[in-house]
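Let's see this in three dimensions:
(chains A, B and C)
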Amino acid sequence: MCTAPAEELVKQWESEQARLRQQVVEEDTEDWQRSPDFSGLERVGGVDLSFIKGDDVNACAQLVVLSYPDLELLYEDSHMVTLTAPYIAGFLAFRETPFLLEALQRLERNQPELLPQVVFVDGNGLFHYREFGLACHLGVLSGLPSVGVAKNLLQVQGVDKSEAHQSQIAALQKGGDSFPLTAASGKVLGKALRSSNKSSKPVYVSVGHKICLDTAVRLTHSCCRYRVPEPIRQADCRSREYLRIHFPAVDT
DNA sequence: GCGACAG
DNA sequence: ATCTTGTCGC
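This next block holds a predicted model:
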C-alpha cells in the first residue's frame, strides 16, 4: 500500500514522455537536409551539462554554436544551474532539458540570428526505452531539429552487446561506416557509427526531431574531427573549463 | 547475488 | 556525470 516516492514520479514522467512522443517528427523538414553537401546549413549547435566532482546538484549548462562546414565557434554560453530532478535511467531529459532549453531561449532573445539550425545532444533520441530520449525531448520542446549521439550503447528493446553486435563493430572499416540498431519490433531505432578513421569505438546516433536517421548519421559524420561530434565535444570541453576556472579543486 | 543503468 | 596521469601502441 506504500508506494515508493520515486515510483509515482516515474509514472508521471512516463505519461509525459508518451504525450510528447506523438509530436516527434522523424523526417527531414529542412531544405539543407536534402542537399548532398548540406548547402544552406550554416550553424550547428551542441549542448551539454558538466558537474562539479562529488556534487550532483550544481552544474554548468553549456550551449555552443559552430559554423558549418568549418566548425568554428560563433557563440558560447556557460551558465551555472541547480538541478532538482534525480537521474533515473530512461528519464535523463527530466533532469537536463529545462536548463538546455533555457540556454536556447537566452540565445533566441539576445542573438536570434545565431540560433542553430540543428542541435546535437549528448545522449539518445529515439534509441530509448520508450523511443523518447533526451534529444527528442529537447527537439520537441524547442521546435529545433535535433540529433542524439550517445557514447555508450543503451541496451534496450532487444539491442544488446552480443557477439553479433561486437562483430558488426569490428566490421566498421572507416569513418562513416555504420550499421542499424534494430528493435525486437523490427524498427530501426538508431545506427552505430564509426565517426572517424582513428576511433574504432562507434558512437550511437538516433533521431531527435525534424530529421531522418540517414540524414542524422551523415550529418554527424560530417561534424566529426574526433570521435565525438565537434558541437558536443566543444560544449563538453568548455563547460568543464568553466568549472575548472570558477570552482577550482581544493587541496585537503 | 549479479548485471544493467544515455548523462 | 565523476573518481584519474602517464603510458603503451599504432
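
contacts, neighbours, all on C-alpha from now
OK.

list the contacts for the closest residue to DNA strand C within the stretch 1-150 of chain A?
Closest contact between the stretch 1-150 of chain A and DNA strand C, by CA to the nearest atom of the strand, is at A:K53 (3.7 Å). Neighbour list for A:K53: empty [criterion: CA atoms under 8 Å, 6 or more residues apart in numbering].

Do a quick rundown of the helices in the stretch 101-250 of chain A.
Remark: helices assigned in the stretch 101-250 of chain A by DSSP state H, counting those that start in this stretch are A:134-142, A:163-170, A:213-222, A:230-246.

what about stretch A:178-191, how long is it end to end?
End-to-end distance for stretch A:178-191: 6 Å, by CA to CA, to the nearest Å.

ok so, going back, tabulate the helices of the stretch 101-250 of chain A (a markdown table), appending distance to A:Q105, mean pLDDT and mean neighbour count.
Output for the helices of the stretch 101-250 of chain A, formatted as a markdown table (distance: least, CA to CA, whole Å; pLDDT from 0 to 100; neighbours: other CA atoms under 10 Å):
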| stretch | distance to A:Q105 | mean pLDDT | mean neighbour count |
| --- | --- | --- | --- |
| helix A:134-142 | 8 | 98 | 26 |
| helix A:163-170 | 38 | 90 | 13 |
| helix A:213-222 | 23 | 98 | 22 |
| helix A:230-246 | 17 | 96 | 20 |
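
ok, the closest residue to DNA strand C within the stretch 151-252 of chain A - contacts?
Closest residue of the stretch 151-252 of chain A to DNA strand C, CA to the nearest atom of the strand: A:R240 (5.9 Å). By CA under 8 Å, 6+ apart, the residues touching A:R240 are A:50-51, A:60.

neighbour-wise, which of those residues leads?
A:C60 (24 neighbours; other CA atoms under 10 Å).

Chain neighbours aside, what residue packs nearest to it?
Leaving aside its sequence neighbours, A:C60 sits nearest to A:M80 (CA to CA, 6 or more residues apart in numbering; 4.5 Å).

Distance check, the residue of the stretch 151-252 of chain A closest to DNA strand C against A:P112.
Separation of A:R240 from A:P112 (CA to CA) stands at 26 Å.

quick revisit: compile the helices of the stretch 101-250 of chain A into JSON lines and extend it with columns for distance to DNA strand B.
Below are those laid out as JSON lines (distance: least, CA to the nearest atom of the strand, whole Å):
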{"stretch": "helix A:134-142", "distance to DNA strand B": "4"}
{"stretch": "helix A:163-170", "distance to DNA strand B": "12"}
{"stretch": "helix A:213-222", "distance to DNA strand B": "15"}
{"stretch": "helix A:230-246", "distance to DNA strand B": "8"}
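
Restricting the selection to alpha carbons, write stretch A:132-146 to CSV.
Presented in CSV, the C-alpha positions along stretch A:132-146 are these (Å, rounded to 0.1, in the frame of the first residue of the first chain):
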residue,chain,number,x,y,z
PHE,A,132,11.7,9.4,-26.5
GLY,A,133,15.2,10.2,-25.2
LEU,A,134,16.8,13.5,-24.3
ALA,A,135,17.4,14.5,-27.9
CYS,A,136,13.7,14.0,-28.8
HIS,A,137,12.6,15.9,-25.6
LEU,A,138,14.8,18.9,-26.3
GLY,A,139,13.9,18.8,-30.0
VAL,A,140,10.1,18.8,-29.4
LEU,A,141,10.2,21.5,-26.7
SER,A,142,12.5,23.8,-28.7
GLY,A,143,11.0,23.0,-32.1
LEU,A,144,14.5,22.7,-33.5
PRO,A,145,15.9,19.8,-35.5
SER,A,146,18.0,17.6,-33.1
